[in-house]
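In: quick one, fold the following:
(chains A and B)
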Amino acid sequence: MAQLLIDLVRTKFQDAVVSSYTQHGDETVVVQPSHWMAVGQFLRDDPRCDMAMLVDLTAVDFPDQDPRFEVVAHLLSLNLGHRLRVKAKVGKPDGSGAELDSWADLWGSANWAERECFDLFGVVFRGHPDLRRILLYPEFVGHPLRRDYHAQRTQPLIPYREGINNQKLPPFETNEGMPFGRQSHNEWLSAPEPNDDLD
Amino acid sequence: MGQLSDTTVTTTDLAEQGFFTTRFDSILSWAQKYSLFMYPFVTACCGMEFMAVSSPRFDFSRFGAEAPRFTPRQSDLLWVVGTISQRQAPILKRIYEQMADPKWVLAFGTCAASGGFYDNYATLPGIDKIIQCDIYVPGCPPRPEAVLDGLMLLQDKIQSGDRRPAIVKPRNDPTTDPTLGLVQLRRPSQA
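Out: Down below sits the predicted model:
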């Protein structure tokens, strides 16, 4: 059944299928981004495919490849019980030009999944009804799941308190190698003996 | 009770008649520490442990801290239970600013105390970055006993008027338990 699906897509979109493979029972077709919409339409409407459910849609960033992003969609047929993973590679190495047709008209679940993909990776979906950030706030600059977003970079909405940026506050600093046992207020005042056992 | 003409009573006499004398701030903080109305700001999985603390097995109503007030204006103690994302930080700060003095803050769990393992773009690295925090209860999630330790520690601090932050410590060293078979990694004390 599984190979049948790949063959179906290959015969329907001969040149548009870049590659296809089967691994551990999961079937994958990689298609040209220009045929993304047509492939989705075919997979949903053809009775031999009958992919009624878009399980997930996300992206992977390969910063040293061209095209850079790989948009991954997982499809499931509820009637026939088979799955297919569809991929398309988009984007220039600098992150620009990552555009793909939106599947929001085909599957309702694509709406939020594509918004999340846009939010975290910056992949733009053409024809999406409401392409805004969904998890992060509108003030956020950049796309944090791109590999070139620095791991420790935060963008606070409100300024941190004075003088403690990136510093630890007193209980973590002065008393970090802590003794065990319940701490009472008097012990806190007068630096208790280490390992004093209250039991 | 004595006669109205008996105006020259001493403190000993008062005690015999069912009265006692104290300092005003002492009895005020005694009242405050046993009537901590709470505002539960529960955002994440630590909330399950928070429910455990509030339910009968552990039951922080024994310490006078069980009455929830779902408006910050009537609350004394802000429980920040769970991860605070950068997006939630302004909300938490607004809640804190709406509370009337005197007010205390308890960071429940490692995420509220320091951000935990969410060391990334999305998470506030500890609520003390935006508001003052009085008690830190580490743990992922903390055991209810640790939370009760934190609550009693806060009561101690309210009684003595100390506003410095404090951290709840583990009750005993798991490496000293022979049944666990753990290796002692902590250097023995020089004292």
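In: got the residues of chain B near chain A?
Out: Contact residues (Cβ under 8 Å from any Cβ of the partner chain) of chain B with chain A: B:86-87, B:89-90, B:93, B:114, B:119-122, B:124-126, B:128-133, B:136, B:149, B:152-153, B:156-157, B:159-160, B:162, B:164-173, B:189, B:191. In short, each C-beta sits where N, CA and C put it, glycine included.
In: report pLDDT for B:Arg186.
Out: Reported pLDDT at B:Arg186 in the predicted model: 56.
In: repeat that for B:Ser5.
Out: Per the predicted model, pLDDT is 53 at B:Ser5.
In: type out the PyMOL command that picks the buried ones from the residues of chain B next to chain A.
Out: Selection of buried members from the residues of chain B next to chain A for PyMOL, criterion 16 or more other Cβ atoms under 10 Å in any protein chain shown:
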select buried, chain B and resi 86+87+89+93+114+121+122+124+125+126+128+129+130+131+133+136+149+152+153+156+157+165+166+167+168+169+170+171
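In: what ranges do the helices span in chain A?
Out: A:2-12, A:36-45, A:110-121, A:170-173, A:185-189 (DSSP state H).
In: report all helices and strands that the second one contacts.
Out: Going back to what we said before, that points to helix A:36-45. Applying 3 or more Cβ pairs under 8 Å, 6 or more residues apart in numbering or on different chains; DSSP states H and E, one finds that helix A:36-45 contacts helix A:2-12, strand A:83-90, strand A:99-101.
In: so what's the residue count around A:Arg147?
Out: 12 (other Cβ atoms under 10 Å in any protein chain shown).
In: my guess is it meets A:Val60, correct?
Out: No: using Cβ atoms under 8 Å, A:Arg147 is not in contact with A:Val60; the gap is 10.0 Å.
In: hmm, back to that, wait, which of the helices and strands packed on helix A:36-45 is closest to chain B?
Out: strand A:83-90 (22.9 Å; Cβ to the nearest Cβ).
In: quick one: which of the residues of chain B next to chain A sit in strands?
Out: Among the residues of chain B next to chain A, the members falling in strands (DSSP state E) are B:136, B:166-167.
In: adding pLDDT, write those out as JSON lines.
Out: Listed next are these as JSON lines, based on pLDDT from 0 to 100:
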{"residue": "B:Tyr136", "pLDDT": "89"}
{"residue": "B:Ala166", "pLDDT": "83"}
{"residue": "B:Ile167", "pLDDT": "85"}
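In: ok, so of the residues you listed, who is nearest B:Arg23?
Out: B:Ala166 (23.8 Å; Cβ to Cβ).
In: identify the bridge partners of the closest one.
Out: Counting by DSSP bridges, B:Ala166 is bridged to B:Ile135.
In: where exactly do the helices run in chain B?
Out: Going by DSSP H, chain B shows helices at B:11-16, B:24-33, B:46-54, B:89-98, B:110-114, B:144-160.
In: can you tell me which of the ones you listed is packed in deepest?
Out: helix B:110-114 (a mean of 26; mean count of other Cβ atoms under 10 Å in any protein chain shown).
In: list of residues touching that helix?
Out: By Cβ atoms under 8 Å, 6 or more residues apart in numbering or on different chains, the surrounding residues in contact with helix B:110-114 are A:172, B:44, B:46, B:80-84, B:107, B:116-118, B:123, B:125-128, B:133, B:136-140, B:167.
In: out of those, which are buried?
Out: Judged by 16+ other Cβ under 10 Å, buried ones among the contacts of helix B:110-114: A:172, B:44, B:46, B:80-84, B:107, B:116, B:118, B:123, B:125-128, B:133, B:136-139, B:167.
In: low-confidence ranges, chain B, go.
Out: Applying pLDDT under 70 to chain B flags the ranges B:1-12, B:173-175, B:180-191.
In: for chain A, give me its nearest residue in it.
Out: B:Asp156 (3.5 Å).
In: the helices of chain A into TSV, with extra columns for mean pLDDT?
Out: As requested, the helices of chain A are exported to TSV (pLDDT from 0 to 100):
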stretch	mean pLDDT
helix A:2-12	83
helix A:36-45	92
helix A:110-121	94
helix A:170-173	48
helix A:185-189	48
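In: A:Ala52 is nearest to which of those helices?
Out: It is, among the helices of chain A and with distance given as Cβ to Cβ, helix A:36-45, at 7.2 Å.
In: tell me the buried residues in the closest one?
Out: Counting neighbours by 16+ other Cβ under 10 Å, helix A:36-45 gives A:36-37, A:39-40, A:42-44 as buried.
In: any idea which of those residues is closest to chain B?
Out: For the buried residues of helix A:36-45, the nearest to chain B is A:Trp36 (28.6 Å; Cβ to the nearest Cβ).
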